[in-house]
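Trainee: with the input below, show me the fold.
(one chain, ligands or ions: 1)
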Amino acid sequence: MNKNLKELIALSQIDKEIDDFNPLLEAIEKKLKKSQEKIDSVQSDINAVKNSIDENVTKIKIYEEQIVTLSEQLKSITKKSKDVSTEKEMKALSLEEDIAKEKISFANEEIERLGKINEKKAASLEDFNKDLEALIESQKESVDSANATKSEIEEKKSTLFATREEKINSFDQKILSFYEKIRNWAGNTAVVPLKKQACHGCFMKISDKSYSDVIKSEEIVTCPHCGRIVYIESESAES
Ligand SMILES: [Zn+2]
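Mentor: Sure thing, here's the model as predicted:
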């Protein structure tokens, strides 16, 4: 086989190996993003529960203040009732008293109801916090293992880059730029084998004439349909 072609096949293999790490890295990032989203979602649930507890506490305070005011009102009604002379005045005071008592009992009921709601919310808050703790713990482990994998990949990649550097230094620059041009649009299928006389990049069959050129492999041959560099993968298998 043509020496340049051999070198090109090896270079394209290295380029492919370097790029093959990308989906792995993307999968790692995706996993981390997903677990961070879970954490964010539980955190936002916690915030919602906390806000609602705070709102209820504020409501309870308002009812408590109302009770204080209403109790004072009741005291003054009792005072006034001592000086009342007519039945009409008595009735008016007694009505006022009933209304105040009703308001107090409503306020007490609301305080009790909101208190119970807050107890339940506090319990669910505890559950959420436990969930959050567990998620953060597992996120830490994921980050650690992701970092370990990433640095392993980086190491392998830099070894491959070094090998690549070494290779292209001794490369015929014309052939290298020809390869890079094809790689710009074909990516990692810039150099492809022929299988059953068909280009493994565009999957179209090539003519007998082109095929025999590839077999001779005196020079670099491109697929007449798509322009990728083609070669015979295993000469014995093809012939
Ligand atoms: Zn092709």
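Trainee: get me the contact residues on the chain for the ion.
Mentor: 199, 201, 202, 223, 225, 226 (C-beta under 5 Å from the ion). From N, CA and C alone the C-beta is placed, and that goes for glycine too.
Trainee: can you do 8 Å?
Mentor: 192, 199-204, 206, 223-228, 230 (C-beta under 8 Å from the ion).
Trainee: mean confidence for the biggest helix by length in the chain?
Mentor: Ranked by number of residues, the top helix in the chain under DSSP state H is helix 87-169. Averaging pLDDT along helix 87-169 gives 96.
Trainee: relative to the whole chain's centre, how far out is that helix?
Mentor: In terms of C-alpha atoms, centre = their mean, to the nearest Å, the centre of helix 87-169 is found 19 Å from the chain centre.
Trainee: which SSE is immediately downstream of it?
Mentor: The helix or strand immediately downstream of helix 87-169 is helix 173-186, counting by DSSP states H and E.
Trainee: and the residue nearest to the spatial centre of the chain, what helix or strand is that in?
Mentor: Residue closest to the mean C-alpha point of the chain, counted by C-alpha atoms, centre = their mean, is residue 33 at 2.8 Å. In the assignment (DSSP H and E), residue 33 maps to helix 3-83.
Trainee: what average pLDDT does that helix get?
Mentor: On average, helix 3-83 scores 95.
Trainee: can you name every helix or strand that it contacts?
Mentor: Helices and strands touching helix 3-83, by 3 or more C-beta pairs under 8 Å, 6 or more residues apart in numbering; DSSP states H and E, are helix 87-169, helix 173-186, strand 191-195, strand 229-232.
Trainee: what's stretch 131-151 in contact with?
Mentor: For stretch 131-151, contacts defined as C-beta atoms under 8 Å, 6 or more residues apart in numbering pick out 24-25, 28-29, 31-32, 35-36, 38-39, 42-43, 46.
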